[in-house]
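Peer 1: Have a look at this prediction, sequence included:
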Amino acid sequence: MALTNSQYDAVMRLYNQRQISDQRALAERRRDAYLHIPRLQELDSKAAGLSVDKAYALLDPGDHRDFDLKKALAEISAERKLLLEKHGYPDNYLDMQYVCPACRDTGYIGRKKCSCFRQLELQVLYAQSNLPDTLRKDTFENFSLDYYDPSRISPQTGASSLQEAENALRTARSFVRNFHEEFENLCFYGEVGVGKTFLSHCIAGALLDRGFSVLYLTAGDMFDMLRKYKFSGSGDTGELQEFYGFLFSSDLLIIDDLGTELTNTFVSSELFTCINERILRRTPTILSTNLSVREFADTFSERTASRILGNYTLVHMSGHDIRIQKKLAGGQ
């Protein structure tokens, strides 16, 4: 996916920071070398003077001095290398050292993006996703079916906890595989601690690694940000304006723990607006809630529940709280 203007600017700021860091590191190495090998400073001053003299000679038709600048600079360079090696320094100690030598920390080789651009692009996408640091551990490969009881039957679906988990995993993988080819929204619902948030993280990480933008928010954080956006003064809306735009434009929005926040008219209205607008824009959304469909309608509104029932794939999950199971097993 193409980066937004703000995301592209963020990537280029990282390159600018790299270049500044490169220059500072070179200046520090130069100070160190000059301190221990004063002759180096003389050679560098001589090289700079020769370059200036050559420039003046080219600009002044009356200047008939004849000297080979290339040869003179080569001799200076050779002496510099000998001095550095003699004093135990690498012969390139006073050369600019780049994080990425291929593009010289510009992000581009000619007009083509360097391979390192992709790495910084992902760094920006991860930073803007608002995902917790534990995301890297929450992957499909680490999603274990061992915590789901094959004999525990869910009254919601008539399937066992294990069967529901297997279905949830298949659905999540399919969502990632077909993302941006098929428009789909997911709603993970069910008991506390059964893997709903974990699967949301798995999806987010997989899509971020493919270069899609993801915004992850707990419901409480989202509504707090929306309150600030709606009711803040005009001088305090720059960052909030960007958040509000990204709420609708991100390739994927994940709203976690819906139903745990204090619900009122504002919350119900904003949730409907968010869900409805993203449906109209065909930008996918994932919801996670401990509420049943009936409880969801009672907590928020019938029209919100109706939009979800008509436009979301409902994925029920049940079982014993995995966090408690892990503690009882000694954290294994």
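Peer 2: Sure, I can see it.
Peer 1: most centrally placed residue in the protein?
Peer 2: Y126 (1.6 Å; Cα atoms, centre = their mean).
Peer 1: Need the nearest residue in space to that residue, chain neighbours excluded.
Peer 2: Closest residue to Y126 apart from its sequence neighbours, by Cβ to Cβ, 6 or more residues apart in numbering: L208 at 5.8 Å. Placement of C-beta: from N, CA and C, glycine included.
Peer 1: From K327, how far off is the one you found?
Peer 2: L208 is 30 Å from K327, where distance means Cβ to Cβ, to the nearest Å.
Peer 1: And these two? Which one has more around it.
Peer 2: Using other Cβ atoms under 10 Å as the criterion, L208 and K327 rank with L208 on top: 21 against 11.
Peer 1: Give me the three-state assignment for that one.
Peer 2: helix (DSSP: H, G, I helix; E, B strand; the rest coil).
Peer 1: before we move on, which element is the residue nearest to the centre of the chain in?
Peer 2: For Y126, the element it lies in under DSSP states H and E is helix 115-129.
Peer 1: pLDDT (mean, whole number) over that helix?
Peer 2: Confidence over helix 115-129 (mean pLDDT, whole number) is 83.
Peer 1: Check which element follows it along the chain.
Peer 2: Going down the chain from helix 115-129, the next helix or strand is helix 161-177, by DSSP H and E.
Peer 1: Which element is encountered next along the chain beyond that next one?
Peer 2: Next in sequence after helix 161-177, counting helices and strands by DSSP H and E, comes strand 186-190.
Peer 1: Helix 161-177 and that next one, what's the angle between them?
Peer 2: Angle, strand 186-190 to helix 161-177, by axes from the mean of the first three to the mean of the last three Cα atoms, to 10 degrees: 160 degrees.
Peer 1: Tell me which other helices or strands strand 186-190 touches.
Peer 2: Applying 3 or more Cβ pairs under 8 Å, 6 or more residues apart in numbering; DSSP states H and E, one finds that strand 186-190 contacts helix 161-177, helix 196-209, strand 285-289, strand 313-317.
Peer 1: Determine which stretch of the ones you listed is the most buried.
Peer 2: Comparing those by mean neighbour count (mean count of other Cβ atoms under 10 Å), strand 285-289 comes out on top with a mean of 24.
Peer 1: following that one, which helix or strand shows up next?
Peer 2: helix 293-299.
Peer 1: list the buried ones in that following helix?
Peer 2: V293, F296, A297, T299 (16 or more other Cβ atoms under 10 Å).
Peer 1: Just the C-alphas of that helix, formatted as CSV.
Peer 2: Provided in CSV are the C-alpha atoms of helix 293-299 (Å, rounded to 0.1, in the frame of the first residue of the first chain):
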residue,chain,number,x,y,z
VAL,A,293,-25.0,-10.1,20.3
ARG,A,294,-28.1,-9.4,22.5
GLU,A,295,-26.0,-7.7,25.2
PHE,A,296,-24.3,-5.6,22.5
ALA,A,297,-27.6,-4.3,21.1
ASP,A,298,-28.8,-3.5,24.7
THR,A,299,-25.5,-1.8,25.6
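Peer 1: For it, which outside residues touch it?
Peer 2: Applying Cβ atoms under 8 Å, 6 or more residues apart in numbering, the contact partners of helix 293-299 are Y189, L258, G259, T263, T289, L291, T304, A305, I308, L309, L314.
Peer 1: where in the stretch 151-300 of the chain is pLDDT low?
Peer 2: Residue ranges of the stretch 151-300 of the chain with pLDDT under 70: 233-238.
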